[in-house]
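sharing a model prediction with you, sequence too.
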Amino acid sequence: MITKEKLVTSYFGYWPEFADGKLEKLTYDATRGIELAVHYIDSVKQKSAHIGLRFGSVSDVSLSNLLSENVIDSLRISGSEPHSISIDSCYGLDGSFKCKDVEVLYVDA
């Protein structure tokens, strides 16, 4: 379950894979987990938004190829506690990790 998932699904009408989304921010904090900010554009619906995601209680972190600009091919969230997160890249950051909770922090259109 993704906390506040409806912020994303009510805006776009679905939960995206974030294909071609630009990774704007990545932070890691031992107590807060991993936070990502992604600028996602749905060119068919002509909608875009900056979306903040927080992944709490992370483990098995394996991320690599962080560049000054990073574009996501897909960001997949599967399973239930622990969730398996995988980031496939067009270029830049890719990898995977596990986490106990996922939360949408904001959707700024």
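Nice, I can see it.

just the helices in this structure please.
Ranges of helices within the chain are 6-12, based on DSSP state H.

wait, residue 54 sits on residue 105?
Yes: the criterion here is Cβ atoms under 8 Å, and residue 54 meets it with residue 105 at 5.5 Å. No exception for glycine: its C-beta is placed from N, CA and C like everyone else's.

state the distance from residue 19 to residue 60.
Here the criterion is Cβ to Cβ, to the nearest Å. By it, residue 19 lies 24 Å from residue 60.

report the beta-bridge partners for residue 95.
residue 63, residue 87 (DSSP bridges).

give me the pLDDT for it.
Among the per-residue scores, residue 95 holds a pLDDT of 98.

same check on residue 79?
87.

do the one 4 residues further on as well
Note for residue 83: predicted pLDDT of 96.

separation between it and residue 24?
On the measure of Cβ to Cβ, residue 83 and residue 24 end up 22 Å apart.

the two: who's more crowded?
For residue 83 versus residue 24, neighbours defined as other Cβ atoms under 10 Å are more numerous around residue 83 (21 against 14).

mind listing the shared neighbours of residue 54 and residue 105?
Residues touching both residue 54 and residue 105 (Cβ atoms under 8 Å, 6 or more residues apart in numbering): residue 35.

more crowded one of these two?
Each of residue 54 and residue 105 has its neighbours counted (other Cβ under 10 Å); residue 54 has more, 19 against 14.

please consider this matter closed, and thank you.
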